[in-house]
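Student: Sequence and predicted structure are below.
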Amino acid sequence: PSADLLRVEMKGLGPHKYGCLMAVLPDEELRRRIMDWSLENIPDFHLAPEGRETRAHITVKFGFESSSPKSMEKLASLLSQVKPFPISLGQTSLFKGGEDGDVLKVDIMGEVLHQLNHLVSTNFACHDKYPDYKPHLTLAYLNPEYSRLYEGLLFPFTGKEVVFSSLEYTNPEKETIIIP
């Protein structure tokens, strides 16, 4: 695919130093329902400064060191053979001890995500803080003194299957490239 086939949109994402490839939940209604659940079940005073995740997504790979047109062309070419793929939403769990607080997340099952992470990891230079890929959907960053309250929390969307037909790459300038 050529670079002119990619759409670029500006998004209101926070600043970051590296590029990130994500699978954004394509179902707007499901994204809204997950956010509503987060608002109803996690009081604001339990949150760490990073707060809630406002755009439900699964990070495929964070830390791209280059977002050059040549790198984006290579990424689009590598991903051009990827067919729509399913994932399943799992249970909630925690990543404890993070610099932004304890992460309340939904575990994700989906072999294609592991394959995509490996494909990207072996073809691009990436700043990699977490080399052991654990697909998840972040719900919120919790103050560690409250995070134990959320272990084993019932999540009403467990088992829900979602099919992805595109990925999004966000560069450090907050431009998002949709990769069909």
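Tutor: Okay, I see it. Residues are numbered from 1 along each chain as shown.

Student: Find the least confident helix or strand in the protein, judged by mean pLDDT.
Tutor: Least confident helix or strand, the chain: strand 7-10 with a mean of 34, by mean pLDDT, DSSP states H and E.

Student: and for the longest strand along the chain, what are the contacting residues?
Tutor: Counting by DSSP state E, the longest strand found in the chain is strand 85-98. Here strand 85-98 makes contact (CB atoms under 8 Å, 6 or more residues apart in numbering) with 23, 58, 102-110, 112-113, 135-137, 139, 141-142, 144, 147, 150-153, 155, 157-164. All C-beta spots, glycine's among them, are computed from the backbone N, C-alpha and C.

Student: do stretch 50-58 as well
Tutor: 13, 22-25, 30-31, 34-35, 38-39, 42, 87, 100-101, 108, 113, 135-141, 168.

Student: where exactly do the strands run in the protein?
Tutor: Counting by DSSP E, the strands of the chain are 7-10, 19-24, 47-52, 57-64, 85-98, 101-109, 136-142, 161-164, 167-170, 175-179.

Student: Present the ones you listed as CSV; the columns should include distance to Val120.
Tutor: Putting the strands of the chain into CSV (distance: least, CB to CB, whole Å) gives the following:
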stretch, distance to Val120
strand 7-10, 20
strand 19-24, 6
strand 47-52, 25
strand 57-64, 4
strand 85-98, 15
strand 101-109, 16
strand 136-142, 17
strand 161-164, 15
strand 167-170, 10
strand 175-179, 11
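
Student: Which one of the ones you listed lies nearest to Ser71?
Tutor: Proximity to Ser71 (CB to CB) singles out strand 57-64 among the strands of the chain, at 7.2 Å.

Student: average pLDDT across the closest one?
Tutor: Mean pLDDT, computed over strand 57-64, is 95.

Student: got the angle between it and strand 101-109?
Tutor: Note on geometry: by axes from the mean of the first three to the mean of the last three CA atoms, to 10 degrees, strand 57-64 and strand 101-109 are set 110 degrees apart in direction.

Student: report the angle between the axes of strand 57-64 and strand 19-24?
Tutor: Using the same axes, to 10 degrees: strand 57-64 against strand 19-24 is 170 degrees.

Student: So what's the gap between strand 57-64 and the chain middle?
Tutor: Strand 57-64 sits 6 Å away from the centroid of its parent chain (CA atoms, centre = their mean, to the nearest Å).

Student: same check, this time on stretch 39-53
Tutor: Here the centre of stretch 39-53 is set off from its chain's centre by 18 Å, with CA atoms, centre = their mean.
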